[in-house]
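1. Just need the structure, nothing else, for what follows:
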Amino acid sequence: MHLHSSHPVFLSAIALGIACLSDTRMMRAAEESSPVLRIEPGRVTAHVRPGLYGLMTEEINYSYDGGLYGELIRNRAFTDDPSKPVHWSVVEGEGASAAAALDPSQPLNAAIPTSLRIDIHAASEAAPAGIANDGYWGIPVRANTLYRVSFFAKAEPGPGQPAPPAGFFAPLKRLLAGNTAPDWPVKVALQSADGGTVFAQARVTGVGSGWRRCEAELRTSDAPASAKTRFVITSSRPGTLWLGQVSLFPPTWHGRVNGNRIDLMQKLADLHPGFLRFPGGNYLEGDTIATRFNWKETIGPIWERPGHPSPWKYHSSDGMGLLEFLEWCEDLNMEPVLAVFAGYALKHEYVPAGPGLQPFVQDALDEIEYATGGAGTTWGARRIRDGHPNPFPLTYVEVGNEDWFDKSGSYDGRFAQFFDAIKVKYPKLQIIATTKISSRVPDVIDEHFYRKATQFYSDIHRYDSYSRSGPKIFVGEWATREGSPTPNLNAALGDAAWMTALERNADLVVMDCYAPLFVNVNPGGMQWKTDLIGYDALTSYGSPPYYAHQMYNVNRGDEVVASGLEGGAGLFTNTTLSSASGELFVKVVNSTGTAADVRIEVSGPGSLAAKGRSIVLCSGSPTDTNSIEEPSKVVPAEYPLLGVSASFAHVFPANSVSVLILKTR
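-> Take a look at the predicted model:
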């Protein structure tokens with residue numbers, strides 16, 4: 001991360017940094033009593049994978065629907081509640097009258113077994129009637145923005161009304177008859193929540209007596225950004241209108257159809273993640289085997305995806321399906337880490353090893369083939385048909401998730417069955433186990449930690465003593481849980497201290513990722529605290545730990561060099577080197593409430609440039625945090641570092657995360 005003096009975040013952070021440092025010069029201890037950090041750049045102790053730091057994701061806290069996934073319509077397929085069309089409401093102009101209800105007798109297709117029936121009893125051009133959707137805590141309406149609408153519709157006239165033309169050639173018949181009016185008058189619009197202001201509207205043509213997919217564009221003009229809004233579909237004609245799979249998309253990252261929210265993707269891109277572990281998490285397993293993440297039901301057109309209940313107590317549209325996860329990796333240049341369902345669900349349903357498990361094993365092999373197969377394979381050909389000609393790279397496959405919760409003891413056998421089958425067909429793939437097993441030697445073990453900062457401090461040497469002859473380690477979920485809905489500065493200190501330990505043991509720890517990644521901060525949007533990135537319909541922000549993770553990954557280096565701290569209780573350090581640039585990245589966490597004056601001694605051949613850089617994350621209190629209202633209260637600031645030599649002193653502010661960047665020459 002490089003913040004320049006003209007950057008607005010830098011300007012606000014520099015003032016904060018001055019406040020952080022204001023007491024440090026007055027609090028310098030005598031040099032002889034200062035802690036000493038000794039660094040040996042010529043002695044490499046481990047090599048760091050470019051993909052050490054990555055992302056873990058699952059559908060929790062409205063992370064996909066209502067979060068990263070660009071869809072703005074909530075309950076777009078009318079399947080969130082089997083008894084009523086939640087998040088939809090009837091709209092009636094003055095003098096108009098209508099009623100709406102789910103209609104399972106008119107399903108859209110086999111995947112989506114219901115539709116929304118709107119009975120319009122009275123309506124006119126001046127007083128239309130229809131339905132409105134309130135989105136995920138509002139529809140984000142921005143000025144000069146193009147929105148794309150699609151939905152399925154069909155209609156029947158009311159008493160005394162002429163029937164609309166039917167059949168594929170109906171539009172041509174109308175044209176030949178000199179009638180260019182739409183089959184059934186339908187309008188779509190973005191409006192204020194009370195309907196008093198129309199931000200954009202369009203007329204939709206082609207609605208007739210059979211299901212038809214309709215599309216339209218809505219372009220806003222100059223108007224203040226607002227989420228106190230709704231999306232509306234209306235008609236000026238009495239009769240019955242059926243709707244299915246209603247969708248509204250704003251501009252998306254890289255312009256992808258069915259794509260992702262731009263500001264959240266930018267925040268992820270700014271982390272420079274090396275990999276993405278997907279689809280979760282508990283979301284992979286589901287509460288029951290029937291409600292697991294069934295990847296074969298998440299591919300193809302969105303109107304052929306049935307969706308499924310999330311274990312976090314809301315419905316998942318599955319708009320973020322297997323291909324969308326893989327394209328997310330492609331868009332951010334991340335390595336996919338694919339988790340496959342392994343026969344165990346959260347409510348303790350499981351399939352023991354043997355013939356009953358084999359269909360799930362085959363399902364995993366098919367999933368890998370979908371990601372990596374060529375045109376000559378069944379599932380590779382399906383991926384190509386779904387719109388992605390080239391195979392995706394794949395190195396790691398994780399079998400299950402947190403299987404230490406399976407008290408039946410079945411995981412050992414289940415893992416072995418998956419392991420053997422995958423290795424036969426894909427011998428180069430690295431297979432990750434979610435808990436210790438004895439029947440096979442996995443390539444990697446996934447370990448999870450959710451703790452307070454003090455617990456991470458006390459476990460800082462966990463991996464120093466691990467055997468180097470066994471499986472590698474993937475810290476697949478971890479976080480310092482302090483602060484809500486997103487973590488505070490003290491959590492950033494805990495995270496950063498733990499990351500010094502992970503980097504120091506990079507010969508063993510091959511990957512790690514924070515979890516959960518996202519939270520919708522609206523009331524009811526959070527199921528788990530604490531979470532790295534917060535957002536509402538319009539805006540988003542990174543938490544203090546977000547910036548700590550960014551600081552560490554951007555300034556990662558590829559070699560861990562020998563270093564040691566003498567004295568300095570409450571300080572945590574690690575040093576890495578970029579073999580390409582010759583830069584040393586000295587990472588120091590001061591978890592105490594007192595500034596630390598540290599003497600830094602760099603030994604070995606060569607010398608250091610007299611000028612370096614210092615990046616500091618700190619604030620006035622360890623409980624300070626960021627929010628929608630104050631997104632930049634705790635952000636890093638960069639300063640010139642002068643007087644660098646083989647032995648120099650540096651003051652690390654109280655409650656701070658620092659990265660010193662020293663240039664060797």
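2. Could you pull up the residues touching Ala453?
-> Under the criterion of CB atoms under 8 Å, 6 or more residues apart in numbering, the neighbours of Ala453 are 480, 482, 490-491, 493-494, 497, 591. For the C-beta atoms, the positions are set from N, CA and C on the backbone; glycine is no exception.
3. dump the residue contacts of the nearest residue to it once chain neighbours are set aside.
-> Spatially, and ignoring its direct neighbours in sequence, Ala453 is nearest to Gly494 (3.0 Å; CB to CB, 6 or more residues apart in numbering). Neighbouring residues of Gly494 by CB under 8 Å, 6+ apart: 451-457, 480, 482, 591.
4. State the next helix or strand along the chain beyond the one helix or strand Gly494 maps to.
-> Using DSSP states H and E, Gly494 maps to helix 489-504. For helix 489-504, the following helix or strand on the C-terminal side (DSSP H and E) is strand 509-514.
5. contacting residues around the following helix or strand past that following strand?
-> From strand 509-514 onward toward the C-terminus, using DSSP H and E, the following helix or strand is strand 518-520. Contact with strand 518-520 is made by 57, 61-63, 66-68, 136-137, 264, 485-486, 525-526, 528-529, 531-536, as judged by CB under 8 Å, 6+ apart.
6. In strands, which of those residues appear?
-> The members of the contacts of strand 518-520 that map onto strands under DSSP state E are 533-535.
7. from those, which is closest to Gly542?
-> Minimum distance to Gly542 across those is 5.7 Å, recorded for Ile533 (CB to CB).
8. right, and the closest one touches Tyr546 too?
-> Yes. At 6.0 Å, Ile533 counts as touching Tyr546 under the criterion of CB atoms under 8 Å.
9. hey, what's in contact with both of the two?
-> Counting by CB under 8 Å, 6+ apart, the shared contacts of Ile533 and Tyr546 are Lys267.
10. can you give me the strands for the stretch 551-665 of the chain?
-> 559-566, 571-577, 583-590, 596-602, 612-617, 637-641, 647-652, 656-663 (DSSP state E, counting those that start in this stretch).
11. What residues does the nearest residue to Pro82 once chain neighbours are set aside make contact with?
-> Excluding its sequence neighbours, the residue lying closest to Pro82 (CB to CB, 6+ apart) is Leu102, at 7.5 Å. Contacts for Leu102 (CB under 8 Å, 6+ apart) come out as 78, 82-85, 114-117.
12. Quick check: which ranges of the stretch 501-650 of the chain have low pLDDT?
-> Scanning the stretch 501-650 of the chain for pLDDT under 70 picks out no residues.
13. How much space separates the closest residue to Ala569 other than its chain neighbours from Gly476?
-> Distances taken as CB to CB, 6+ apart place Thr592 nearest to Ala569, at 7.6 Å, with adjacent residues excluded. From Thr592 across to Gly476, the span is 30 Å (CB to CB, to the nearest Å).
14. Looking at those two, which is more packed in?
-> It is Gly476, of Thr592 and Gly476, that has more neighbours when counted by other CB atoms under 10 Å, with 26 against 17.
15. That one touches Thr57, doesn't it?
-> No. Using CB under 8 Å, Gly476 is not in contact with Thr57, being 11.4 Å away.
16. That concludes my questions; thank you for your assistance.
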